[in-house]
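quick check, what structure comes out for this input:
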Amino acid sequence: MTLAELQELHSLPFFDLLKRAREVHERYWPEGKIQLCTLLSIKTGGCSEDCAYCAQSARYKTELESHVLLEREEVMTHARAAKNMGSTRFCMGAAWRGVRGGTERFEQVLGIVRDVAALDLEVCVTLGELGPEEARQLRDAGVTAYNHNLDTSPEHYPNIVTTHTYDDRLRTIRNVQDAGISVCCGGILGLSETITDRLRLLEIISHFNPQPESVPINSLMPMPGTPLAENPQVDPFDLVRMIACARIAVPAAKVRLSAGRTRLSDEVQTLCFYAGANSIFYGEKLLTTDNPDTARDLALLAKLGLQTLEPDRALAAPVLDPSVPANPSPDGHHQQ
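Next up is the predicted model:
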């Protein structure tokens, strides 16, 4: 979708927008099931990047306790617990700029991925920048999806991160897609961005070739010690509008209601599900922030009569459409 189309969509009266989004959701996701994902930080803190929202940056004085890469068995304990709770996707995040093939820590990650995949769970990782060879090795080890968020618009991005560029992010996404791994790519609301910034993010994501398999929509959880620590809470209606626009712009993707759910009432989450959200992070902890209690999540899903998706280890990366240019660059051109 173009920015103009998204602006027209976003400006619709609230119920008209929800009606449009619901029609798309029912067309592409007729069973209406919710995906349960669990997220684990396998390496926390000490990151060299300067993302203004992140407590894991070594540049900020926060209360976050850093830890090195977890041992394989500790990760497996968490993965087994996630499966027993009903999660179908196990996501692992590591706070570093990127990984390089042949290093000890990358070999450790590959071993962990193989073991988690053997549990018949979908495996998602977020490890920073990847080259083509690292992406292929992750695919061969059993990774089904790679998370690499764009966070916001290319215009606003330099206000949030200076240690890497938007093109760096797009390059990793292209490497992942070329390796045959599905992409999980979304953004964060509450980064002092404008509505146009939010819609530019969706414009770029919607023009990925192929489109992302999942689109996480996060609400900023301001972390003490970071530059955005005093940012205000995202308006719940703005969040629902963004969910609805994402559902229409990337209709076949799972739209994940991600960070910030602890601040949402059951009623607001219900509106998000109605607008097209069909995936949540499930478990009491995200990378560095709290998440709703699992019992509360299950109770809400039961109230709404919503069933959960089964794991899909055979998840195939969407096929590149040769008639469509490759992923757009921030200036509107396309990468080759």
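
and Pro30, which of the three is it?
coil (DSSP: H, G, I helix; E, B strand; the rest coil).

how far away is it from Val24?
Relative to Val24, Pro30 is positioned 11 Å away (Cβ to Cβ, to the nearest Å). C-beta here means a position set from N, CA and C on the backbone, and glycine is covered the same way.

more crowded one of these two?
For Pro30 and Val24, the more surrounded residue by other Cβ atoms under 10 Å is Val24, and the numbers stand at 18 against 8.

quick check: that one touching Arg247?
Yes: contact criterion Cβ atoms under 8 Å: Val24 and Arg247 qualify, at 5.6 Å.

intersection of neighbour lists for those two?
Gly276 (Cβ atoms under 8 Å, 6 or more residues apart in numbering).

and the residue nearest to Leu304 when sequence neighbours are not counted, how many residues sit next to it?
Spatially, and ignoring its direct neighbours in sequence, Leu304 is nearest to Thr270 (6.3 Å; Cβ to Cβ, 6 or more residues apart in numbering). For Thr270, the number of neighbouring residues by other Cβ under 10 Å comes to 17.

pLDDT score for Thr270?
Predicted confidence (pLDDT) for Thr270: 97.

how much space separates it from Glu71?
In this view, Thr270 and Glu71 are 40 Å apart by Cβ to Cβ.

quick revisit: the one helix or strand the residue nearest to Leu304 maps to packs against which elements?
Per DSSP states H and E, Thr270 falls inside helix 266-275. If you count contacts as 3 or more Cβ pairs under 8 Å, 6 or more residues apart in numbering; DSSP states H and E, helix 266-275 packs onto helix 14-28, helix 236-249, strand 254-257, helix 294-304.

what's downstream of that helix, the next helix or strand?
Per DSSP H and E, the first helix or strand lying C-terminal to helix 266-275 is strand 277-281.

what angle separates that following strand from helix 294-304?
Comparing the axes of strand 277-281 and helix 294-304 via axes from the mean of the first three to the mean of the last three Cα atoms, to 10 degrees yields an angle of 160 degrees.

now do strand 277-281 against helix 266-275, angle only.
Using the same axes, to 10 degrees: strand 277-281 against helix 266-275 is 130 degrees.

strand 277-281 pairs with which strands?
Paired with strand 277-281 in the same sheet, following DSSP bridges, are strand 35-43 (parallel), strand 254-257 (parallel).

done for today, thanks.
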